[in-house]
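Need a 3D model of the sequence below.
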Amino acid sequence: MRKRTDLDFNVRWLPFQLNAQAPTSTSKVEMYMSKFGKSKEDALKIGDWMGEKFKAVGLPFRFTEADLTGNTFDAHRVMTAAYEIGGPAAQDKACESLFQAYFAEGKAPSDPAVLKAAADAAGIDSDGWQDAANTANTKEEFGVGRSFGVTGVPHFVVYEEGSTKKEQVGGAQAPEDFVRVFSQVTHA
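Numbers count the residues shown, from 1 in each chain. So this is what the prediction gives:
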């Protein structure tokens, strides 16, 4: 029998685009230079700083002049289809594949090979996420974040199934902040 202190939870990844008008694929360094008004050297230093953060928690990361970024809409479509077809576990697998490609391999989230690999990882037909219903469902899910007032990523909404109490955490936070939020929600 489980103790009540053991947390059993699912993660539901919902779509949010920081830049819906982003081109399909572009240089990550150039995007950082433009977005933050930085020189190439300063943009690469941001990448070095991010790399240290990833390394500190044992995650792979690279940021080179060859790395790409781009519009994330199709990646969100894969994530929506993964959840609808395979549930939270399939969506997690798609997400891990997308994160690996983007953060560790420097590939654009819109790259067709990246999208196919994410769909394959989730166990869904790599063409099945491209239908009109999935596009409509993904667009509808964008409204969920807006209804919570989300303006950036990451953003977390934590709640216990069946409860109306929801806590929100915006931005990257320390682990103890999440422990506090989980504790508040599960002891409500």
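
Give me the contact list for stretch 12-21.
Residues outside stretch 12-21 that contact it (C-beta atoms under 8 Å, 6 or more residues apart in numbering): 71-73, 76, 79-80, 83, 88, 91-92, 95, 138, 141-142, 144-145, 150, 152-153, 155. The way it works is simple: take the backbone N, C-alpha and C, and place the C-beta from them, glycine included.

List buried residues within those.
71-73, 76, 79-80, 83, 91-92, 95, 138, 141-142, 145, 150, 155 (16 or more other C-beta atoms under 10 Å).

so which two of the residues you listed are the farthest from each other?
By the measure C-beta to C-beta, Asn71 and Asp92 form the most distant pair in those, at 22.6 Å.

and the helix ranked longest in the chain, what other elements does it pack with?
The longest helix of the chain (DSSP state H) is helix 73-99. Helices and strands touching helix 73-99, by 3 or more C-beta pairs under 8 Å, 6 or more residues apart in numbering; DSSP states H and E, are helix 112-122, helix 132-147.

right, so those helices: which one is the most enclosed?
Stretch with highest mean neighbour count among the helices and strands packed on helix 73-99: helix 112-122 (a mean of 20; mean count of other C-beta atoms under 10 Å).

With only the CA atoms kept, save that helix in PDB.
The C-alpha coordinates for helix 112-122 follow below in PDB (Å, rounded to 0.1, in the frame of the first residue of the first chain):
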ATOM      1  CA  PRO A 112      10.700  17.200 -40.700                       C
ATOM      2  CA  ALA A 113      13.200  14.600 -39.500                       C
ATOM      3  CA  VAL A 114      12.900  15.900 -35.900                       C
ATOM      4  CA  LEU A 115       9.100  15.800 -36.100                       C
ATOM      5  CA  LYS A 116       9.100  12.300 -37.500                       C
ATOM      6  CA  ALA A 117      11.500  11.100 -34.800                       C
ATOM      7  CA  ALA A 118       9.300  12.600 -32.100                       C
ATOM      8  CA  ALA A 119       6.200  11.000 -33.600                       C
ATOM      9  CA  ASP A 120       8.000   7.700 -33.800                       C
ATOM     10  CA  ALA A 121       9.200   8.000 -30.200                       C
ATOM     11  CA  ALA A 122       5.600   8.500 -29.100                       C
END
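
tell me the mean pLDDT for it?
Model confidence over helix 112-122, given as mean pLDDT, is 96.

looking at it, Val158 is touching Lys166, isn't it?
Yes - the pair Val158 and Lys166 passes the contact test of C-beta atoms under 8 Å, sitting 7.0 Å apart.
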